[in-house]
Every structure is written in structure tokens, then in C-alpha cells.
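Trainee: here is a sequence together with a model predicted from it:
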Amino acid sequence: MADLWKRLEALLPEVSRPARYIDSEYNVRPVDIKAAEVSFALVYPDAYEVGAPNLGLAILYEILTSVEGVACDRAFAPWPDMEERLAQAGLPLFGLASRHPLAGFDAVAITLQYEMTYTNILTVLSLGGIPLRQKDRSAGDPLILGGGPCAVNPEPVAPFFDAILVGDGEEAVVEIAAVIREGKASAWSREEILARLAGIEGCYVPSLYEVYYNEDATIARIEPARREAPALVQRRVAADLTALPIPGEPVVPFAEVVHDRLAIEIMRGCTRGCRFCQAGMIYRPVRERPPEQVIEAARRIVASTGYEDLSLVSLSSSDYSSIASVAGTLCRDFVDRGVALSLPSQRVDAFSVALARSISQLKKTGLTFAPEAGTQRLRDVINKQVTEEDFERTIREAFSSGWKRLKLYYMIGLPTETEEDIEGIGKMVDQGARVARQALGGGGQVFNVSVSSLVPKAHSPFQWARQDSLDEILSKQEILKRSVSRKVAKLSWHDAEVSVVEGVLARGDRRLANVIEQAWRLGSRFDAWTDRFDFGLWMRALAECRLDVAFYARGRGDDELFPWEHISGGASRRFLLDQWRKALEGRTTGDCRFESCTACGVCGSGVDNVLHEAEERRATELAREPAERGKTQAKPARHRLRLCYAKRGPLRFLSHLEVAHGMERAVRRAGLPFSVSGGFSPKMRISYAPPLPVGAAGIREYLDILLTDEPDTAVVARRLSEVLPSGLDVIEAAYVPLQSKSLSSVINVADYEVRVDVGPDRQLDAAAGQVERILEEGSIEVERKGRRVGVQLSEVVRRVQMPQNVAGVFVHHVSLYLNRGVHLRPEVLLVEALHRLGVGHAPPAVTRTGLYIETPEGVKSVMEEV
């Protein structure tokens, strides 16, 4: 929507990280809302950089965009500064690619990833122009759908949703789309559509259930209000991952994101049985993808995206039966292409030094282990079957293989925990450090130790457990600080106040919807971000709703009904209760993949563990691979290709680093024969002209790529143009001498055009006079890092053309020197002139029109440099 973009564009210079709100992505599908039979907006209720790389979102996006007649877009929670400006401007929250208001979609599907994003859901709905509560929506409003890990206890947010999917979404989302499509075509009422959705396995419609409470506020019963609603909502399980798509062309962001890598899910589910772990219970059974499917997908998707980092993800990737085979094959495939492989989760008792060496051939990625508890007794309580011997062996092997630092995860607040157990974390870390120093021959801090507080979760054996109070958590953190030596480890811990609120929401009931809404109205936003979280607002909201932390943090009796009693997480209540009792007795339970069935209640009716045995020969191959790993030989550069390109349109809001990262991935997608540096973290050998400020366009920008071969420049330009989004446009390409100096060292002149819309108050002559006066003064004060500093204009200003009035817009041309140790933003002269005149204006639009090399012999083009 062009009109929405024009109004949005005026806001972007005023907000942090404007690239969050532009369509700056590769592999995005076209979105035609008007032509579609049904339209979806997939929403991740956190900042773009957190939500964009989410694998679940990518999977559903791939599926929905492949269904004929379905339009699908994505949206994210705006940062508070953008929320404020959208509200002030009367602009709705919109789909990122279509810029279509959320209220105009047929369905808005929101990820329930983490309890601390709940207030952001209300921001999304409010800014989207959608009533917050299901009961207040009418036929013209979109259906609000939910799904994700928190769907196994959605009760605190249930009043905000029309329907919530419990379990795997790949197959169910297609069925949901079909119902909405049919309902729309047949003019069904909203109530009829919801009744039909309730008939889809795994689809929970909260409005079709009545919750009754006892006098003490515990749950008395939960009953369906209509016959279409099942008494127990069964979790949806995809029986075989082989039949489910791996996103073949995932969206590749240009904007900086967290977890900025390609993720391929190699298996789903875990049967290790850690009793604190909700995911290990609700994602059962274990379903592995065939190794050949993983390898083929990795090869194809790396080529289509240009990613330089590939992660093989699951709850416990080292447990994947064919991990050695898959990792070895991919490492051999990718080592010469500069693609690093990583496993996000390693088990202490399943660590393979051969595997670790294999995946570190290109880049020594970090290793993380989770012993979880400091004593064997407490590890038995939580069913974490890791021994001291396992821990010491793993530490010895890792440090002997070249790692200098490891990350360790522990927990406090576990059932039956004593002070001795907490002190045991420090003792375990000390012993690990002694082993590490023996392997290293010395060393200082060798561990990053991260400690979280137990938050009991629904559908885990610890759903009956009491959660520590705030004072207890803080007291235990003090014990940790005394116990873990700073000489050997850097210690960090989870915010205690966040854990308290998370605990309330994790085991909460529908009454908490009022608390969430009140906290939101009081100003709670982005509660998962420590610097944004305000504990006081949540305590005030609880008090105003006449609820308290203690009720939700208390231990539960064996027979008490939970708020999620009508929702199946897969594992039976009987099994979970048996595991809770075993925990209190310190008895362990084996893994049903390797031992007898534990009768968890998940398998049956076509659902069972699906394993793909490893190829034995790979163990031998890994053992024979070179001993020195992690250090890559540089690819010799034989040619220097200079590229001229434009950065314009919405993509001008990308930062220099974001453009650089995106360009490097485009080079990979184009299949250019790039050279890489040597060493432990090899990089593509590419360099850039002096950076543009965020928000500034450039019509002739430059970069140099060192190549191992000499493809035709026209072919290079065509290939890159095919894999770059509109707004990063290749102008020309040419070879320059291999030994040419870097662009940043030789480019020393930049020309700019500054455009400022001053509205009806167009004091052109006065503005020009003020610019002349500023130049005559010889210096100007600018703000830099929060303080005012003086800039001598003669050192940085090369030439100035006085402002001109072009169709009511002041246009100002200025030429600045670079590389003189003095910096001046090109719009400063005109903005200061208008400020002195008291003239209001829109944010300046800056375009760099040229970069040059000035020598005593004259000025020449960068493409002419030899």
C-alpha cells in the first residue's frame, strides 16, 4: 500500500533500528490480499530481530504460501518508540511485505513462544485495530489464532484468542485454512467457523468451554459449552517428519537478527525425561528425519540463501542417530565454501570429540553443556543422568581438542534442593577448571556459567512443584556468587523478578487475562527484555485484580485439577505424577529409545519413536580426519572485482553492517568464486567504501571482492542482480589491479544531496543566508555520543551549493572531505540554518550522489582507480 508506506517512511528516521519495519528480505513471496481466497498474517510478538529467524514461523510461512488461493504475510511487535509513533500518526500495524493492515486479514496467527511476550500480543491487536477480547469481535474482524509451546497452557491468554492449536502445526494449519476458506465462501457466521475449527484435532476454541472455580479459587471443573468441543483437546502430532517440508527457500533478512544462521530441524522430540523440561514431555515421541533428507536439504538451502552458518537443531542434536554421518558429510561439502556447521545443544554424556573436531573444521563454534545440578543426588531428582565422570571426561576432551572456554548451564530452585546442592555447582565448576587447566597447561576463566531459576511448567512432572519466592531466589543467587570462583568462571544468572512473573503465567488460569491486560495498560512491553521489564507494574496489576503471586507459586496436591486439565500435552497425567513421585524419592527413569517403554502414554495409533540408525563407517571416517582442525587455509585471491551499486528506497534504512552482511550472502547465492581468509574464523575477502549513515541513500556505492577466478563482469552483474532485492541495484562491475589499495583508504571525497520539506513556511533566501553565515563562522557544534563538540568546517567541507526550492522542497548539495579524522553529517548545515530561523521541517532525506578519489593531479572516478 503506497499511501501507508509514504506515511510510514516519514516515521522511520525517528525510531531505533528502522530496518525492523521495511521489507528488506530475500525469498519473500508476493502477497496479493485482494486476489486471495483466504489471507493469513503470521505474527511473532517480539521485535523483528527475535522473531524473523524463528523456525516455526518459517515452516508455517513456507506451507501457507504454497497453498493455492492463500495469501500469507508476516508481522512483528513494534518497539515502543515505533508503537508510540504509529499510534500518534493513526497508522495500523501491518504485514511486512504487503503493508496491509492486520485488521484486513482473514486470520492473524500469533506465536505463543514464551510467557513474557504476552503483553506484546495486546500491543499487536490494539495497533492492528482488532478488539483485544474474543467476545468483543464481530464478523468483520479477523480470527485470532495461537500456537506454539505455551499453547499447552493457554488459559492466561485464552480470552484474547478465537482458537489455539495445541501441538504440531504443519498439517493442522492447512486444515484450518480450508475451514476459514469454506466459511468465508459460504458466509458462515463467526460462531459456525469456530465450531468447525473445534473439530480439527489439536484445535482448542476457548469460548466453547466453561471454567468453574472452588471457593478457594482452585479449579472445580472445565466443561465444553457446545457439543462440537471435545472434553479433552488432544495434542496434534505429526507422526513422521519425512513427510513434512523443510523450508526450501526460507526468508533471508538483511536487517540484523539474533541466531543469524540457517536452521534445519533434524529431529523433533526427546525421551531423556528431564523432569523440569516441558519441551521434553510435550514434543514426544522422538521423530528423526532421514539423514539423506537432511543432507539434501542443507545443500539446497545453503545455495538458495547464501548463509555462512548452518545449525542442525533439535532438543538434543547430539542424540540424533546419524549425527556423525550427517555432520561429516556436510563438513566435507561446505569446508571449501566457507560454511560453518554448529550443533546448538550437546549432552555431557553424549559428547563426541571426533564429532566436535569435525564441525570445527571451518570455525570453532562454542560448546555448551547443561549439567543442570551441582550434586549427583539432585541430578537424580531431575532425572539428569550425568555423572561426575561424564563431566570430567567431556571437559578433558573438549579442552584437549582446542577449545579455550565452554558454557555451562545450571538451575536453582529444584525440588528437594539444599544449600549443599547449590554449593555443589561451585565445586563442580572448580573441579572442571582443574581438568581444563591440566589439558590447557594453565589458563584463567575457562567457563561461562549461566544459572536459571526453576519455573514449573504445565505438562511436566514438576507441574506439582512449589516455586521459590523472590527472596528465596535472591538468597540462593547469593550462595552461588560465593560458591563459584571468578578466577575460573564468569557467572551470570536469570533475573529473579522475571522468573517470578513467568511462574505466575506458566501455571496460570483465565483470571490472569485481566492481569495481563492491566499490566499492558500500565505500560508493560517487551517483558522478555531485562532492560524493559518492570516488576512493579506486574505486582500492581496483580493487586488491582485481587490476585497474588503466592497462589500461583504454591505446590499442588496430587489430586488438584490444573487450569489446563482439558488439554492433553501428550504424556498422561498418570505418567507425569509417577515421575513427580520418583523425583521426590530420587529415583531415575531410563530413555525408552534404548531401554524399556516408560508408559508415558504418547505412543500408539500410528505414533511412535522414529529413528534412523547411523552408518557405522562414519565413526571410522571421523577418526581418520586431520588432527588439526578449526584452522582453514586461505583461498588464494587472483582477481579484484570492483562493484558499483545503488542503495535506495526502503533499503536505505539498512545500516552499513547490514548491507555488508547481505551483500556477502548475495555473493554466495550468485555462486561467485570468492576468496576466503585463513585462520580459525575465515571470512569472505570483501571490502567496502566509507559507510553511509542509516537512512541515507547512495546512487554510486562501491565494494571490492577478491576472487579465485575471473568470470565475465556482465555475468557477475546479472547473477548478483538476480539475487538482490530491489533497492540494492548493481550499476556496473570491473576488474581493478589485485594489489589496489582498499576503497576506504583511497576514497576521500563524497557528494551529497539533502532534501528537506519545510511545508508552507518556505524561507529559502533566509535559509541560504544562514548557511552562508555558518560557513563564515568557520565552525559548528554537533552532538556526538551525548555531548556537544565543535567541528572546524574548513577541515571537512569541500564545496557547498546554496539551497534551492524545488517544488516546495529545499534541495541542498554539499561536498565533504573524508579520511581527515573529522566527521560531519551532510544535512547538518541546512538543519542548523532552519533551526536558527525557527522553521519546522520533516526529517531530511539524504542521498550520496558520488564518491571520488582526489589526488594532486585531480579528481577521478572510483571505477578508474588503478
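Mentor: Here it is on my side, so go on.

Trainee: and this protein, what are its domain boundaries?
Mentor: With the TED database serving as the domain definition, the record reports that the chain contains domains spanning 4-167+169-234, 239-344+602-630, 346-494, 639-745, 749-861.

Trainee: now render those domains as TSV, adding mean neighbour count.
Mentor: Every residue, glycine included, has its C-beta placed from N, CA and C. Rendered in TSV, the data for the domains of the chain read as follows (neighbours: other CB atoms under 10 Å):
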stretch	mean neighbour count
domain 4-167+169-234	20
domain 239-344+602-630	19
domain 346-494	19
domain 639-745	18
domain 749-861	15
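
Trainee: tell me which of those domains lies nearest to residue 547.
Mentor: Checking those against residue 547 by CB to CB gives domain 4-167+169-234 as the closest, at 8.5 Å.

Trainee: adding mean pLDDT, write the domains of the chain out as TSV.
Mentor: Compiled in TSV, those are given as follows (pLDDT from 0 to 100):
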stretch	mean pLDDT
domain 4-167+169-234	97
domain 239-344+602-630	86
domain 346-494	92
domain 639-745	94
domain 749-861	89
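
Trainee: figure out which of the ones you listed is closest to residue 551.
Mentor: Residue 551 lies closest to domain 4-167+169-234 among the domains of the chain, at 6.5 Å (CB to CB).

Trainee: what distance separates the closest one from the centre of its chain?
Mentor: Here domain 4-167+169-234 is found 18 Å from its chain centre; the criterion is CA atoms, centre = their mean, to the nearest Å.

Trainee: how long is it from one end to the other?
Mentor: The separation between the terminal residues of domain 4-167+169-234, taken as CA to CA, to the nearest Å, is 42 Å.

Trainee: wait, residue 730 sits on residue 719?
Mentor: No. Because the distance of 9.3 Å does not satisfy CB atoms under 8 Å, residue 730 is recorded as not touching residue 719.

Trainee: between the domains of the chain, which one is closest to residue 515.
Mentor: Distances from residue 515 to each of the domains of the chain were compared by CB to CB, and the smallest falls on domain 4-167+169-234, at 7.9 Å.

Trainee: tell me the contacts of residue 212?
Mentor: Going by CB atoms under 8 Å, 6 or more residues apart in numbering, residue 212 touches 219, 220, 221, 222, 223.

Trainee: ranges for the helices of the stretch 101-250 of the chain?
Mentor: For the stretch 101-250 of the chain, the helices defined by DSSP state H, counting those that start in this stretch occupy 118-127, 172-185, 190-197.

Trainee: mind checking the ones you listed for the one nearest to residue 648?
Mentor: helix 118-127 (28.2 Å).

Trainee: restrict the closest one to CA atoms and write it as CSV.
Mentor: What follows is helix 118-127, C-alpha atoms only, in CSV (Å, rounded to 0.1, in the frame of the first residue of the first chain):
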residue,chain,number,x,y,z
TYR,A,118,2.0,-11.9,26.4
THR,A,119,1.7,-8.1,26.8
ASN,A,120,3.1,-7.7,23.3
ILE,A,121,0.2,-9.7,22.0
LEU,A,122,-2.1,-7.0,23.2
THR,A,123,0.1,-4.3,21.5
VAL,A,124,-0.2,-6.2,18.2
LEU,A,125,-4.0,-6.5,18.5
SER,A,126,-4.5,-2.9,19.6
LEU,A,127,-2.3,-1.4,16.9
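
Trainee: got the contact list for that helix?
Mentor: Applying CB under 8 Å, 6+ apart, the set of residues contacting helix 118-127 from outside is 43, 45-46, 75, 77-78, 83, 86-87, 92-93, 102, 108, 110, 131-132, 144, 156-157, 160, 505, 516-517, 519-520, 524-527.

Trainee: all helices of the stretch 251-400 of the chain, in order?
Mentor: Along the stretch 251-400 of the chain, the segments classed as helices by DSSP H, counting those that start in this stretch run 279-282, 291-305, 323-334, 353-359, 376-381, 388-400.

Trainee: which SSE is the residue lying closest to residue 828 once chain neighbours are set aside in?
Mentor: The shortest distance from residue 828 to any non-neighbouring residue, by CB to CB, 6 or more residues apart in numbering, is to residue 782 (6.0 Å). Under DSSP states H and E, the secondary-structure element containing residue 782 is strand 779-784.

Trainee: and for residue 811?
Mentor: Under the criterion DSSP H and E, the helix or strand holding residue 811 is strand 809-817.

Trainee: that strand packs against which elements?
Mentor: If you count contacts as 3 or more CB pairs under 8 Å, 6 or more residues apart in numbering; DSSP states H and E, strand 809-817 packs onto strand 749-757, helix 764-777, strand 797-806, helix 828-837.

Trainee: give me the distance from the second one to the chain's centre.
Mentor: Computed by CA atoms, centre = their mean, the chain-centroid distance of helix 764-777 equals 48 Å.

Trainee: could you give the angle of it to strand 749-757?
Mentor: Taking axes from the mean of the first three to the mean of the last three CA atoms, to 10 degrees, one finds that helix 764-777 is oriented at 140 degrees with respect to strand 749-757.

Trainee: same deal with the last one?
Mentor: Between the direction of helix 828-837 and that of strand 749-757, the angle (the same axes, to 10 degrees) works out to 30 degrees.

Trainee: same deal with the third one?
Mentor: When the same axes, to 10 degrees is applied, the directions of strand 797-806 and strand 749-757 differ by 30 degrees.

Trainee: just checking: what are the partner strands of strand 797-806?
Mentor: Each strand paired with strand 797-806, and its direction, by DSSP bridges: strand 809-817 (antiparallel).

Trainee: how about the partner strand as CSV, C-alpha atoms only?
Mentor: In CSV, the C-alpha atoms belonging to strand 809-817 read as follows (Å, rounded to 0.1, in the frame of the first residue of the first chain):
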residue,chain,number,x,y,z
VAL,A,809,11.3,21.2,-1.0
PHE,A,810,14.7,22.7,-0.1
VAL,A,811,17.4,20.9,-2.0
HIS,A,812,20.9,21.4,-0.8
HIS,A,813,24.1,20.0,-2.4
VAL,A,814,27.3,19.6,-0.3
SER,A,815,30.7,18.0,-1.0
LEU,A,816,32.6,16.7,2.0
TYR,A,817,36.1,15.5,2.6
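
Trainee: contacts for it next, please.
Mentor: Under the contact criterion CB under 8 Å, 6+ apart, strand 809-817 has outside partners 748-758, 762, 764, 767, 771, 795-805, 824, 826-827, 829-830, 841, 849.

Trainee: hmm, try it at 6 Å
Mentor: Strand 809-817 is touched from outside by 750-757, 796, 798-801, 803-804, 826, 830, with contacts defined as CB atoms under 6 Å, 6 or more residues apart in numbering.

Trainee: same check, this time on stretch 545-565
Mentor: Where contact means CB under 6 Å, 6+ apart, the residues beyond stretch 545-565 that reach it are 153, 155, 218-219, 222, 458, 464, 466-467, 503-504, 507-509, 514-515, 542.

Trainee: which residues does the nearest residue to residue 648 once chain neighbours are set aside contact?
Mentor: In space, and not counting its chain neighbours, residue 648 is closest to residue 697: 4.3 Å by CB to CB, 6+ apart. By CB under 6 Å, 6+ apart, the contact list for residue 697 reads 648, 652, 847.

Trainee: out of those, which is nearest to residue 289?
Mentor: Nearest to residue 289 among the contacts of residue 697 is residue 652, at 40.7 Å by CB to CB.

Trainee: sec struct for the closest one, please.
Mentor: Using DSSP: H, G, I helix; E, B strand; the rest coil as the criterion, the local structure at residue 652 reads helix.

Trainee: following the chain onward from the top helix by length along the chain, which element is next?
Mentor: In the chain, assigned by DSSP state H, the helix with the most residues is helix 419-440. Counting by DSSP H and E, the next helix or strand C-terminal to helix 419-440 is strand 447-453.

Trainee: residues touching residue 768, list them.
Mentor: With contacts defined as CB under 6 Å, 6+ apart, the neighbours of residue 768 are 802, 803.
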